[in-house]
Structure formats: C-alpha cells, structure tokens
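K.L.:
give me a model of this one.
(one chain, ligands or ions: 2)
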Amino acid sequence: MKAKKFVLKQQFVGFPKYSDVEIMEEELPPVTDGEFLAEAVFISIDPFIRIHPQEVGNVVMGQQVARILESKSEHYAVGNYIVGFFGWRTHTISTPQLITPDHRLPEYLIKDMDDLPLSLPLGILGMPGNTAYFGFLDICKPKEGETVVVSGAAGTVGSHVGQIAKIKGCKVIGIVGSESKGKWITEELGFNYYINYKNQNLKEELIKCAPEGIDCYFDNIGGDLSSTIISTMKRFGRISVCGFISQYNLESGFDKAPALQGYFVSNCLQMQGYSALLFVPRWHEGIAQNLKWIKEKKLKYRETIIEGFENTFQAFLDLLSGKNIGKTIVKV
Ligand SMILES: NC(=O)C1=CN([C@@H]2O[C@H](COP(=O)(O)OP(=O)(O)OC[C@H]3O[C@@H](n4cnc5c(N)ncnc54)[C@H](OP(=O)(O)O)[C@@H]3O)[C@@H](O)[C@H]2O)C=CC1
Ligand SMILES: CCCCC/C=C/C=O
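P.N.:
Ligands and ions are numbered 1, 2, ... in the order given. Reported below is the predicted structural model:
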C-alpha cells in the first residue's frame, strides 16, 4: 500500500507558501498484530496548524476521519470509522489509543451518528465543537439577558458559540469579514447583529448594537479588533481567549500585551485563555450535548468542503485568508 502525505519542508514564516510543504509517497509496511490500516476520508483544516510547533520532515499535523481498511486489532473492525490525529496523509498504520495522552487530541471510533455527515466529528461534533462548548460556557459563564460579542463569528468555533449564547438567552453580536457571512449568522443562525470589521467602524457599531455594554467576549481573532471590543466591556465582563488568528501570519511574532490594563482595572474584567486539550477528560460530554442540540434543531452548521487530497494545502491557505464559511474540510 502506498500512502501520499504532505511533509513540512521548512517552518512557516509569514503567510504560508507552497514551497513550505511537499507531497511525498511512502510505501507502508504490512499491518502487524495490534495495528490497523486506515484510509483518510475527510481531513480537517484548522488554524492551529499554522502556529502549533511542528518539525521539518514530519507529516503536517491534523485530524482526519478515516475508514479502517485492514485490522489486526480486536478493538477496530474493518469498515469502522475513526477520528485520528494522523496528519495530512491518505493512509495510516496505527495502533488503537484507548487512553489518549493529554498532549494530543483524542482518537476514537465514531458511533451514533444516525444520518449525520461523517465529517462532523472534525467540526461541530469534535475539537472545534468542544472548544466552543467548554470555552464559552466554562469561561464566560453567560447569564440570560447578557450581551455577548463573538469575533470570527462565521467560522467553525464562532458560529457555534453564538448559537450557544442564543440558547442561553443572550443578545449576540457577531464580528465578520463579509456581508454574506453576516447574513448567514443573523438570518440563519439567529445572531441579533453582525458587524463587518472590514467596512464598518467597529467601536461605533458596537455602541449602537450594545449601548448597555458587553458582558462576555469570545475572542477568536486578537489584535486591534479585540482591543476595541474589550474597551467597550461592562464591569465584571468575562473574556474567553480562544485564538488570535489575526496575528498567526505575522513575521514579528506575537508576544506584546495590548495596552488595555486600564479597562481591566476600572471594569474588573476577567480574561482567560485555554486549549481544547484542557477538556479532553470531558470530551464526550461536549459531543453529546452538541449532538443533542443538533437533533433538537437548536444548533446549525455549515461546511466548506474542498475535494481532493492534492488540494489540502490550498484549503489551508483559503482558511487563513478567511475564504471559508464554517468548518473547512478536505474530502479525500
Ligand atoms: N484554544 C483552542 O483550543 C482552540 C482555538 N481555536 C482558535 O479559534 C479561532 C477560530 O477557529 P476556527 O473557528 O476553527 O477557524 P475558522 O477558520 O473556521 O474561522 C476563523 C475565522 O476567522 C476570521 N479571520 C481570519 N483572519 C482574520 C483576521 N486577520 N482578522 C479578523 N478575522 C479573521 C475568518 O473570517 P472573516 O472573513 O470574518 O475574517 C474566519 O471565518 C482560531 O483563532 C483558532 O486558532 C480553534 C480551536 C481550538
Ligand atoms: C495539537 C492540538 C491542538 C488542539 C487545539 C488547539 C487549537 C488552537 O488553535
């Protein structure tokens, strides 16, 4: 069996380039006792791939949904589907990870999907879904009637957080980079307002949409946009720092604190960052709740599906350019 894989040729510096990666072929050895061979069906494209440490020469990291083609493991049968942290590769020989170490994302067989798409365990029913569920509820602790701002609001995590905020009875303002994204989150997902940060004055619009001030800010974006939002927060506001994608392609690094200490002191704000890995012990609780909301039609999702393994890197570039709506997936 020959596998194709994207190998990191050099570290990403600035906006990633085609010359940073190379597609290679690898002849896989026979499957031995305890192992299985899996074929990628969907590959997940995520912003963390840009900033998480990776070694040159390794397969580019990432999750996939794969089908078991051959198995010498009692835990995994041929035809089963698995969520695996196998990277950008078409075929993988692996061993079951029944206990996932805390430094990587869980690997598990997919069950109870009914007629839902098998790509969802990479999005709303997987890592991004749990990032939204735990990162918003545990850190922002939203209360009914409060005002919530979500940046990156038409992305995988942001579109999900806004809908949870609506389920919890909050007023929700989504920050987006296009009119079509804004229409989607307000007309279809039920956000109360959208602000297009590319062609509107963010501060003025925030004051119009939320003259009462903001209680919770779910931050996917960072940078100046977040500084403006934080400066309009109310006393005892809570900020969940999920990501800072606006800074990921900077060549200068990202270790400066914004000069917002005055707002933190005068408004007694709380800000907490986290990684989805923090919630690995509660992983299936998050998936079960998100699945329940989907079945109750309280939670909607959208996917940007790119066909063909060879287009995986282009899908990554498109995500970093904000061309995606909802979850970006490569259909192998
Ligand atoms: N802490 C954790 O464990 C996790 C963190 N994350 C982080 O959450 C964030 C969202 O992830 P996810 O939803 O999967 O990503 P998506 O790619 O689905 O969405 C990201 C959105 O960010 C917006 N965006 C991109 N660049 C910029 C920019 N320069 N300025 C403002 N907006 C921008 C894009 O929309 P637009 O057109 O509106 O600009 C895009 O829709 C990322 O920062 C990611 O790293 C994700 C998963 C886990
Ligand atoms: C390597 C696993 C990363 C898990 C989630 C972190 C996402 C940050 O954007």
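K.L.:
do stretch 168-183 and ligand 1 meet?
P.N.:
Yes - with Cβ under 6 Å from any ligand atom as the measure, stretch 168-183 is seen reaching ligand 1 through 176-178, 181. Bear in mind the C-beta positions are built from the backbone N, C-alpha and C, glycine included.
K.L.:
compare those residues and tell me which has the most neighbours.
P.N.:
Using other Cβ atoms under 10 Å as the neighbour definition, the residues of stretch 168-183 next to ligand 1 reach their maximum at residue 176, which records 28 neighbours.
K.L.:
show me what contacts that one?
P.N.:
Taking Cβ atoms under 8 Å, 6 or more residues apart in numbering as the criterion, residue 176 is in contact with 153-154, 182, 185, 194-197.
K.L.:
quick check: buried residues in stretch 301-309?
P.N.:
301-304, 306, 309 (16 or more other Cβ atoms under 10 Å).
K.L.:
which positions within whichever strand or helix holds residue 162 qualify as buried?
P.N.:
Counting by DSSP states H and E, the element that carries residue 162 is helix 156-167. Under the neighbour-count criterion of 16+ other Cβ under 10 Å, helix 156-167 has 156-166 buried.
K.L.:
please report how far residue 25 lies from residue 35.
P.N.:
20 Å (Cβ to Cβ, to the nearest Å).
K.L.:
for residue 251, same thing?
P.N.:
As defined by Cβ to Cβ, residue 251 lies at a distance of 41 Å from residue 35.
K.L.:
hang on, the earlier thing: what two of the buried residues of helix 156-167 are the furthest from one another?
P.N.:
Spatial extent of the buried residues of helix 156-167 (Cβ to Cβ) is set by the pair 156 and 166 at 16.9 Å.
K.L.:
can you confirm residue 39 is in a strand?
P.N.:
Yes - judged by DSSP: H, G, I helix; E, B strand; the rest coil, residue 39 forms part of a strand.
K.L.:
hmm, residue 69 and it touching each other?
P.N.:
Yes - distance between residue 39 and residue 69: 5.1 Å, which falls inside the contact criterion (Cβ atoms under 8 Å).
K.L.:
pull up the overlap in contacts between these two.
P.N.:
Listed contacts common to residue 39 and residue 69 are residue 91; contacts here mean Cβ under 8 Å, 6+ apart.
K.L.:
just the strands in the stretch 1-150 of the chain please.
P.N.:
Counting by DSSP state E, counting those that start in this stretch, the stretch 1-150 of the chain forms strands over residues 2-8, 21-27, 36-44, 64-71, 81-84, 91-94, 108-109, 147-151, given from the N-terminal end onward.
K.L.:
neighbouring strands - and their directions - for the fourth one?
P.N.:
In the sheet containing strand 64-71, the strands it pairs with under DSSP bridges are strand 36-44 (antiparallel), strand 81-84 (antiparallel).
K.L.:
what ranges does the stretch 101-250 of the chain have for its helices?
P.N.:
Counting by DSSP state H, counting those that start in this stretch, the stretch 101-250 of the chain has helices at residues 127-140, 156-167, 179-183, 202-209, 223-230.
K.L.:
pull out the buried positions in the third one.
P.N.:
Residues of helix 179-183 classed as buried under the neighbour-count rule (16+ other Cβ under 10 Å) are 181-182.
K.L.:
rewinding a little: could you flag which of the contacts of residue 176 are buried?
P.N.:
153-154, 182, 185, 194-197.
K.L.:
now for the closest residue to ligand 2 within the chain, how many residues are close by?
P.N.:
Nearest residue of the chain to ligand 2, counting by Cβ to the nearest ligand atom: residue 48, 3.4 Å away. Neighbouring residues of residue 48 were enumerated by other Cβ under 10 Å; the total is 16.
K.L.:
how about residue 96?
P.N.:
Using other Cβ under 10 Å, the number of residues around residue 96 comes to 18.
K.L.:
now it: how far from residue 79?
P.N.:
Taken as Cβ to Cβ, the spacing of residue 96 relative to residue 79 amounts to 16 Å.
K.L.:
for the stretch 201-332 of the chain, which spans come out with low pLDDT?
P.N.:
Where the stretch 201-332 of the chain drops to pLDDT under 70, the residues are 255-257.
K.L.:
grab the nearest non-local neighbour of whatever residue of the stretch 201-332 of the chain ends up closest to ligand 1.
P.N.:
Using Cβ to the nearest ligand atom, the point where the stretch 201-332 of the chain gets nearest to ligand 1 is residue 243, with a distance of 2.0 Å. Using Cβ to Cβ, 6 or more residues apart in numbering and skipping the chain neighbours, the partner closest in space to residue 243 is residue 220 (4.8 Å).
K.L.:
next up, phi/psi of that neighbour, please.
P.N.:
phi -100, psi -10 (degrees, to the nearest 10).
K.L.:
returning to that earlier point: okay, the strands of the stretch 1-150 of the chain, which one's buried deepest?
P.N.:
strand 147-151 (a mean of 30; mean count of other Cβ atoms under 10 Å).
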